[in-house]
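> All I have is the shape, not the residue letters:
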């Protein structure tokens, strides 16, 4: 008498499903549902290749709108957590600066990304590159939201601006590292790695130009212009 195979697909429960293979995550396939924000979040975290596919298809506009509806609230909410260290006007200044800084960094670096990808041999259009950069920014914002509860706990238990600035910088570095992985899938050339370095430097300088994001200030923007490395060295020396 034959014993039924308990490992057949029919007998596999959802908890027994195998993990998503890395290669499967970036397969260019159509999204299974409309590109509303919840579907965008799921696709970014599980199947980012589907986002890249839709950006090159007919639903690019709808996907970009969905990405904006994900990124903007996530950055704003994380900004509230950043501003909760000092409270007061920082509860709206920090979110505003993070939103403005993120948007400006993407807009400033978009032309160079398109040029680098074309020089690297990628057959891409500016519209698609803009969408893929937006997807990278949205994924970064999702990672920051994941770190937000941890950042909030520390902001409520310490008054050290230097400590919180370092912690936020670490969270940002991890989040942007995951987000920029999408850029390597646009055409996959070594030139995109050079652009990633440029993008990171622009982000660091933007943080310095919009300082202080962590802590209080008498003005919305600093009166003194400063290079981010010089600002970091001076901050460490003061502490």
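That came in fine, so what should we check first? All of these numbers come straight from a predicted model, not from anything done at the bench.

> The helix or strand of the chain with the lowest mean pLDDT: what's the following helix or strand?
Least confident helix or strand, the chain: helix 22-25 with a mean of 69, by mean pLDDT, DSSP states H and E. On the C-terminal side of helix 22-25, the nearest following helix or strand under DSSP states H and E is helix 37-46.

> Excluding its own residues, what touches that following helix? List them.
20, 25, 31-33, 50-51, 63, 66-67, 69-70, 135, 138-139, 142 (CB atoms under 8 Å, 6 or more residues apart in numbering). Where C-beta positions appear, they are placed from N, C-alpha and C, glycine not excepted.

> tell me how far it is from the chain's mean position?
Put simply, helix 37-46 sits 13 Å off its chain's centre (CA atoms, centre = their mean, to the nearest Å).

> Pull the distance from the helix or strand following that helix to the chain's centre.
Next helix or strand after helix 37-46 toward the C-terminus (DSSP H and E): helix 48-55. On the basis of CA atoms, centre = their mean, helix 48-55 sits 16 Å off its chain's mean C-alpha point.

> relative to helix 37-46, how tilted is the helix or strand hosting residue 146?
Element membership for residue 146, per DSSP H and E: helix 126-157. On the basis of axes from the mean of the first three to the mean of the last three CA atoms, to 10 degrees, helix 126-157 is oriented at 90 degrees to helix 37-46.

> Which strands or helices does helix 126-157 pack on?
helix 37-46, helix 48-55, helix 60-83, helix 90-119, helix 161-179 (3 or more CB pairs under 8 Å, 6 or more residues apart in numbering; DSSP states H and E).

> where are the low-confidence patches of the protein?
1-23, 184-191, 235-239 (pLDDT under 70).

> Of all residues in it, which one is nearest the centre?
Centroid-nearest residue in the chain: residue 140, 1.4 Å away (criterion: CA atoms, centre = their mean).

> do you know how far residue 171 is from residue 85?
14 Å (CB to CB, to the nearest Å).

> let me fix that: residue 41
Distance from residue 41 to residue 85, by CB to CB: 27 Å.

> So the two - more neighbours on which side?
More crowded of residue 41 and residue 85, by other CB atoms under 10 Å: residue 85, with 24 against 19.

> And what about the more buried one, helix, strand or coil?
Secondary structure assignment for residue 85 (DSSP: H, G, I helix; E, B strand; the rest coil): coil.

> ok, now which ones touch the nearest residue to it once chain neighbours are set aside?
Excluding the flanking residues, the one nearest residue 85 by CB to CB, 6 or more residues apart in numbering is residue 155, at 4.3 Å. Neighbour list for residue 155: 81-82, 84-85, 164 [criterion: CB under 8 Å, 6+ apart].

> any idea how far residue 155 is from residue 56?
According to CB to CB, residue 155 stands 41 Å off from residue 56.

> swap in residue 229?
Residue 229 sits 38 Å away from residue 56 when distances are taken as CB to CB.

> neighbour count winner among those two?
Using other CB under 10 Å, the more surrounded residue of residue 229 and residue 56 is residue 56, with 16 against 12.

> and that one, what does it touch?
28, 128.

> Any chance of the backbone angles for it?
For residue 56, the backbone dihedrals (degrees, to the nearest 10) come out as phi -100, psi 0.

> Give me the nearest residue to residue 143, chain neighbours excluded.
residue 175 (3.4 Å).

> And for residue 104?
residue 206 (6.2 Å).

> picking that back up, was I right about the residue nearest to the centre of the chain contacting residue 178?
Yes. Applying CB atoms under 8 Å, one finds residue 140 in contact with residue 178, separated by 7.2 Å.
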